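Peer 1: mind folding the following:
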Amino acid sequence: MLKIAFVGCGKVADQHVHDVDFSKQMQMLGQAGDTVVLLVAELRKGVNLEKVKLQNDQLQQIEGEADKLMLESLRELYNNDHATIKVIMLKDLYEILEKVFDRCRDAGNIVFHIVLKHS
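Peer 2: Got it, this is the predicted structure:
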């Protein structure tokens, strides 16, 4: 089980979310980050619309899967009996992860638009 370190939160956060598994999110985040790196590398090589389109589509798919996972996680969080502090902390963490996936998607879209403009 992957644990997220809470810098500055000490034991307070850890005691409330220590049993939560973020491994799916981290795996997907790794894939999204790798894809963004590939997109930027492709941009540096030159304009290859087909490769960039495939990589951007992959990034869109990862972001969509991350959205579904977040909704499932929130559903589980709200439908089960959890301490209020745990619900608040996990909701915030899920929203932060959602923003990270959105930024990866945004970066992919920017690279794709640059390639479209120069193709």
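Peer 1: skipping its backbone neighbours, what lies nearest the residue most central in space within the chain in space?
Peer 2: Residue closest to the mean C-alpha point of the chain, counted by CA atoms, centre = their mean, is Phe101 at 3.1 Å. In space, and not counting its chain neighbours, Phe101 is closest to Ala66: 4.2 Å by CB to CB, 6 or more residues apart in numbering. In short, each C-beta sits where N, CA and C put it, glycine included.
Peer 1: separation between the one you found and Val36?
Peer 2: Separation of Ala66 from Val36 (CB to CB, to the nearest Å): 14 Å.
Peer 1: and those two? which has more neighbours close in?
Peer 2: Ala66 (24 against 21; other CB atoms under 10 Å).
Peer 1: just the helices from this structure, written as ranges.
Peer 2: Using DSSP state H, the helices of the chain run over 10-17, 23-45, 49-79, 84-117.
Peer 1: need those helices in TSV with mean pLDDT, can you?
Peer 2: Below are the helices of the chain laid out as TSV (pLDDT from 0 to 100):
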stretch	mean pLDDT
helix 10-17	66
helix 23-45	93
helix 49-79	95
helix 84-117	93
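Peer 1: related to what we said a few turns ago, relative to Glu95, how far out is the residue nearest to Phe101?
Peer 2: Taken as CB to CB, the span from Ala66 to Glu95 is 12 Å.
Peer 1: same check on Ile62?
Peer 2: Using CB to CB, we find Ile62 at a distance of 18 Å from Glu95.
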